[in-house]
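Turn this into a model:
(2 chains, ligands or ions: 2)
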Amino acid sequence: MTVNLATRTTPMPLAGGLAWRLVERNLLVYRRIWLLIVSGFFEPVFYLLSLGVGIGALVGTVAGPDGRAIEYTAFVAPALLAASAMNGAVYDSTMNVFFKLKYAKTYDAMLSTPLGPADIAVGEILWAQLRGTLYSATFLLVMAALGLIDSWWALLALPATMLIGLAFAAVGMAATSFMRGWQDFEFVQLAILPMFLFSTTFFPLSVYPRPLQLVVQLTPLFHGIELVRPLTTGAGIGIGLLGHALYFVGLAAIGLAVTARRLEKLLLK
Amino acid sequence: MTEPDPAEQLVHARGLTKRFGDFTAVDGIDVDVRRGEAFGFLGPNGAGKSSTMRMIACVSPVTDGTLRVLGRDPATDGAWIRGRLGVVPQEDSLDLELTVRENLLVYGRYFGLPKPLIRERAEELLDFVQLTDKRDAKVDALSGGMKRRLTIARSLINEPEVLLLDEPTTGLDPQARHVLWDRLFRLKQQGVTLILTTHYMDEAEQLCDRLVVMDKAHIVAEGSPAELIGQWSAREVVEVRFAPGDHEAMAGKVEDLGSRVEVLPDRLLLYTEDGDAAAAAVHERGLHPVGLLVRRSTLEDVFLRLTGRTLVD
Ligand SMILES: Nc1ncnc2c1ncn2[C@@H]1O[C@H](COP(=O)(O)OP(=O)(O)OP(=O)(O)O)[C@@H](O)[C@H]1O
Ligand SMILES: [Mg+2]
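Ligands and ions are numbered 1, 2, ... in the order given. Now for the predicted structure:
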């Protein structure tokens, strides 16, 4: 289609300003089904108690971010924290968004109001991220209660997980905008599950052969764990953490831009 | 042609065109809608009515031509315009995850209205569309007519200057349609400009001050219902029914009795200024019709003449 995108799209800084109204809508919906949200929180807690505590009893200590030995549970917990941010964000920005996009026509109705595609993109991503944040915050409290936090740097772990959630939500929603049917969501599972298992969640990077290490280092969750683990353990804090943070800022920006574009193409025909 | 005052011209389209790939859904139409009037788009399936409505609603980019809504360009001021429109789309797009009342509350927030104001308006609107007793029901539990009424209530939450209604009563039973017409008529009296599409002649005659007939992406006629009838049909119509299969042959024997004769599968339509005289003549000629009916000419006849189709789906 030969549509002049430049004049038709609201300028990016302006667009998205009405996104909060969408978050309000989702809050209203979820007020009734809060149980659904609660269940998502237990998953990482179960992992922590079974694998972390269980295997921890067998292994004892592993090499921490700075190479010094730390308790296995303290090693696994921040990884599960990053993963919980990922899971919360991805869950909402994929299946739920797809349903609203293809079946419920929720966005068609919104577009008859002053809201534009960018507002919808920002609103849904923000919402998904908030859900991720809720998981992360409660998980952090569990970690604190179990004595798995060894540093005041852990205060920064919450904003860090928010950033991780934001990026995963943005990428998740962008991917969703390309999905043709429910079967395509298998790909999401196919991406999430191995990432969860292999991104140094349960073992240090050194256990893998070199080629596999390179693959692992490319995954977003690896960067998320690299960012969070030093913060909660207090080991290996350095300027390198900013690099990981920037990685997520970039990912979020790309995901957001793609989502807004795709929504415009899909909905404003 | 003298151009009307732009401030009073809520929709102004010249050469308005919508293409989907190679397919042209709306082909260079000219439309003017004035403040306070009820304007109708009439046409068979696929004529391009919804495509036109979506462009006016600023949810479908214009492919070619000029379009001004409330004096502004949808390409640059879409959000501003949408804030002043009410939209009832062809397919209901109610929020199924919310209750009846919440649908109004949330929709009002999309327009940035303060919550107390929305709550107040929601009560009034629920009353207006007679859904107060369903206020806490899930949308799923509503009948088709109730959903339509709720969609109309929703479209009014921002007190729009213009209300766009795409087939507001399709699929409703006669009683539900009359309730809706009554509500639309009241809105019009309150000064809301109505733009609607319909397949129903009676709806167009009841509600529209002016209308255009669309067929295959073009506007084929334009005017008030009375003007259209005067221009495209005779004053009265005699419907003559013969045995099945005889209509084609009988047409030749009666065609001199009126200005025109139309052959339908089940009857002949004889257009004339004096229906009773023509009916008498049919009998005098000893043609023995199975049935015969004299009636006033309607928009349906105009539509048949212009598009070669009856309107009822
Ligand atoms: N998104 C689209 N992509 C491709 N073609 C489309 C699209 N929307 C509409 N069309 C085509 O454009 C033509 C006009 O459609 P439109 O919906 O405007 O008709 P309409 O007059 O509203 O018909 P109806 O009375 O059935 O609602 C149809 O042939 C339709 O198939
Ligand atoms: Mg239509």
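
now the strands: where do they sit in the chain?
Chain wasn't specified; assuming chain A. Taking DSSP state E as the test, the strands found in chain A are A:61-63, A:69-71.

Not quite, go with chain B.
Counting by DSSP E, the strands of chain B are B:9-20, B:23-34, B:38-42, B:64-69, B:85-88, B:162-166, B:193-198, B:210-215, B:218-223, B:236-241, B:260-263, B:268-272, B:291-296.

What count of nearby residues applies to B:Arg296?
By other Cβ atoms under 10 Å in any protein chain shown, the residues close to B:Arg296 number 11. (Each C-beta comes from the backbone N, C-alpha and C, glycine too.)

list the contacts for it?
Listed by Cβ atoms under 8 Å, 6 or more residues apart in numbering or on different chains, the contact set of B:Arg296 reads B:Arg235, B:Glu236, B:Val237.

Please repeat the previous calculation with a cut-off of 10 Å.
Shown in contact with B:Arg296 (Cβ atoms under 10 Å, 6 or more residues apart in numbering or on different chains): B:Ile229, B:Ser233, B:Arg235, B:Glu236, B:Val237, B:Gly275.

swap in B:Val261?
B:Val261 touches B:238, B:240, B:247, B:250-255, B:268-272, counting by Cβ under 10 Å, 6+ apart.

Name the nearest residue to it, sequence neighbours excluded.
Nearest non-adjacent residue to B:Val261, counting by Cβ to Cβ, 6 or more residues apart in numbering or on different chains: B:Glu255, 4.6 Å away.

measure the residue of the stretch 151-269 of chain A found nearest ligand 1 to ligand 2 for me?
Using Cβ to the nearest ligand atom, the single residue of the stretch 151-269 of chain A nearest to ligand 1 is A:Lys269, 4.3 Å away. According to Cβ to the ion, to the nearest Å, A:Lys269 and ligand 2 sit 14 Å apart.

what's the answer for A:Ala145, then?
With distances taken as Cβ to the ion, A:Ala145 is found 59 Å from ligand 2.

for the chain, which spans come out with low pLDDT?
Using chain A. Applying pLDDT under 70 to chain A picks out residues A:1-16, A:33, A:36-37.

That was the other one, I meant chain B.
For chain B, the ranges with pLDDT under 70 are B:1-7, B:309-313.

residues touching the nearest residue to B:Pro265 once chain neighbours are set aside, list them.
Once flanking residues are discounted, B:Pro265 sits nearest to B:His247: 7.6 Å by Cβ to Cβ, 6+ apart. With contact set as Cβ under 10 Å, 6+ apart, B:His247 has these partners: B:Val240, B:Arg241, B:Val261, B:Val263, B:Leu264, B:Pro265, B:Asp266, B:Arg267, B:Leu268.

now do 8 Å
Shown in contact with B:His247 (Cβ under 8 Å, 6+ apart): B:Val263, B:Leu264, B:Pro265, B:Asp266, B:Arg267, B:Leu268.

how many other residues sit next to the closest residue to A:Ala174 other than its chain neighbours?
Excluding its sequence neighbours, the residue lying closest to A:Ala174 (Cβ to Cβ, 6+ apart) is A:Val258, at 4.1 Å. Neighbour count of A:Val258, defined by other Cβ under 10 Å: 18.
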